[in-house]
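Enquirer: below is the sequence, then the predicted model.
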Amino acid sequence: MLTRLKINGFKNLVGVDVRFGPFTCIAGANGVGKSNLFDAIRFLSLTANFSLLEAALRVRDEAGHNNDVRGLFHKVGEQPVGEISFEAEMIVPQQAVDDLGQAGRPTVSFLQYSLTIRLRSNASNGANPNPLEIVREELVHIKKGDAHEHLLFKHDVRDWRDAVVTGRRGGIAFISTTEKEEGSRIIKLHQDAQDAKGGGRAFERAANTLPRTVLSSATAAESPTALCARREMQSWRLLQLEPTALRQPDEFTAPTHLESNGRHLAANLARLAIKEDPARIYSQISNRLSELIGNVRSIRVDRDEKRELLTVMMTGRD
């Protein structure tokens, strides 16, 4: 859950600080930056899965295009200036699975992720295939005792905050950036420690050669906490639901997560039903169907893996 986001230098967003609750409404006049706020969230989410360049090219610029990464930077006149910085506070899932199928649990669940990027000096002439450079990347924990100062929306302390804000850690960051004397920067991914003192081995990467964030390559073996932060960021979605796409049926092997236009709703609902409580879900469906057409006692779905076939079976009241 994204609970707070600070943005500086992204399009027309300068010094922006937004706190999010379970439901947050963003309202304002045309051109003030509402869409840019969502683009910033999407870009940060994409950096957890793709290279910086690909993430930037997947987000539209001020003109509505996405073929020039310079369009994401705040401009003075016609020139992009400075850097783009993000600072996101989030509650991460209690478990995540990495790209190799290995599961990991976070040492702490309430985290702050910071990322600062800038254009390379030779980015304007197209000489560098990697025009974006990481200036700073950090992942640190927010102390459980300080959580009430960060989570400003109304919630039950005992039943909710204590359940989702878990774990303890010392002063060592999960990801940190170190500046060398010669001006170069090293980004370190610190292994999760087995106790509250922090520590663990650190994996070092030279910032100026990185095509992507260190977080985007986190695994359960190196840092399960960073992995959970990565999965949380990847889950941030911008949905612009389109009725025709929502009504489309799905094949047996269709993806089970919604696309941005609402496609694969059927497969997504089926996944949720199987994951949660099929009997309860199908009971709700049969009750609703009975209100519409009557004479419905129960509904079930027979799943044939070999034939890749789903069959809806309805039992009438007779």
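Expert: Thanks, I have it. Numbers count the residues shown, from 1 in each chain.
Enquirer: strands along this protein, start to end?
Expert: Per DSSP state E, the chain carries strands over the ranges 2-8, 16-19, 75-76, 79-80, 84-91, 96-97, 103-104, 110-119, 132-141, 175-179, 185-190, 202-206, 298-304, 309-315.
Enquirer: any chance of CSV for the ones you listed, columns mean neighbour count and mean pLDDT?
Expert: For the C-beta atoms, the positions are set from N, CA and C on the backbone; glycine is no exception. Converted to CSV, those look like this (neighbours: other C-beta atoms under 10 Å; pLDDT from 0 to 100):
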stretch, mean neighbour count, mean pLDDT
strand 2-8, 20, 97
strand 16-19, 14, 96
strand 75-76, 12, 87
strand 79-80, 15, 81
strand 84-91, 21, 97
strand 96-97, 18, 95
strand 103-104, 16, 94
strand 110-119, 22, 96
strand 132-141, 21, 96
strand 175-179, 17, 94
strand 185-190, 20, 94
strand 202-206, 14, 91
strand 298-304, 14, 90
strand 309-315, 11, 92
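Enquirer: mind putting these into a markdown table with distance to Gln234?
Expert: Shown next, in a markdown table, are these (distance: least, C-beta to C-beta, whole Å):
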| stretch | distance to Gln234 |
| --- | --- |
| strand 2-8 | 12 |
| strand 16-19 | 20 |
| strand 75-76 | 29 |
| strand 79-80 | 27 |
| strand 84-91 | 12 |
| strand 96-97 | 10 |
| strand 103-104 | 15 |
| strand 110-119 | 12 |
| strand 132-141 | 15 |
| strand 175-179 | 16 |
| strand 185-190 | 17 |
| strand 202-206 | 20 |
| strand 298-304 | 28 |
| strand 309-315 | 28 |
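Enquirer: which of those strands sits closest to Leu57?
Expert: For the strands of the chain, proximity to Leu57 was assessed by C-beta to C-beta; strand 132-141 is nearest, at 10.4 Å.
Enquirer: ok, for Arg303, nearest residue in space, not its chain neighbours?
Expert: Using C-beta to C-beta, 6 or more residues apart in numbering and skipping the chain neighbours, the partner closest in space to Arg303 is Leu310 (5.8 Å).
Enquirer: can you tell which of the strands of the chain is closest to Glu251?
Expert: That would be strand 309-315 among the strands of the chain, by C-beta to C-beta, at 9.9 Å.
Enquirer: returning to that earlier point: identify the residues contacting the residue nearest to Arg303.
Expert: 252, 270, 301-304 (C-beta atoms under 8 Å, 6 or more residues apart in numbering).
Enquirer: same check on Thr24?
Expert: By C-beta under 8 Å, 6+ apart, the contact set of Thr24 is Val18.
Enquirer: centroid residue for the protein?
Expert: Met233 (1.9 Å; C-alpha atoms, centre = their mean).
Enquirer: gap between the residue nearest to that one when sequence neighbours are not counted and Met90?
Expert: Leaving out its chain neighbours, the residue that sits closest to Met233 by C-beta to C-beta, 6+ apart is Ala48, at 3.9 Å. For Ala48, the distance to Met90 equals 11 Å [C-beta to C-beta, to the nearest Å].
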